[in-house]
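1. When you get a sec, could you give me coordinates for this:
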Amino acid sequence: MYYVQKTIEISAAHNLMLSYESKCENLHGHNWIIVVYCKSETLDQDGMVTDFTHIKRVVKDTFDHKYINDVLDVNPSAENMARWICDHVKNCYKVSVQESEGNVAIYERD
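-> I've put the predicted structure just below:
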């Protein structure tokens, strides 16, 4: 099995829609650190699992300097961001999204 890992930092804003009162319901931003994990039993015609540039392009073009509420059609939590990225990057099986130091959401396919 081949594995690749790409770490990307983005800046983006969101506000959460919650079932309880929280300051996170207000518009705010983060410098997010996103780690994308991909794997494959075989390499593509270029000798890669997934091109690092492709991973970076999907994440940066979608989320960097954006209002995440306009990007996702679900509550823009770190968990939902992780799932969206995993669904849109070739051979991705796991994504971690750190919205602030000590606060990390991870999505991993079974």
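2. Could you name whichever residue is most remote from the centre of this structure?
-> For the chain, the residue at maximal distance from the C-alpha centroid (Cα atoms, centre = their mean) is residue 45, at 26.1 Å.
3. For that residue, give me its contacts.
-> Applying Cβ atoms under 8 Å, 6 or more residues apart in numbering to residue 45 gives no contacts. For the C-beta atoms, the positions are set from N, CA and C on the backbone; glycine is no exception.
4. So it lies in a helix, does it not?
-> No - going by DSSP: H, G, I helix; E, B strand; the rest coil, the assignment for residue 45 is coil, not a helix.
5. Would you list the phi and psi of it?
-> The phi/psi pair for residue 45 (degrees, to the nearest 10) reads phi -60, psi -20.
6. Contacts only, for residue 41.
-> Going by Cβ under 8 Å, 6+ apart, residue 41 touches 1-2.
7. Any figure for the gap between it and residue 103?
-> 34 Å (Cβ to Cβ, to the nearest Å).
8. count of residues packed around residue 12?
-> If you count neighbours by other Cβ atoms under 10 Å, residue 12 ends up with 19.
9. Quick check: bridge partners of it?
-> residue 30 (DSSP bridges).
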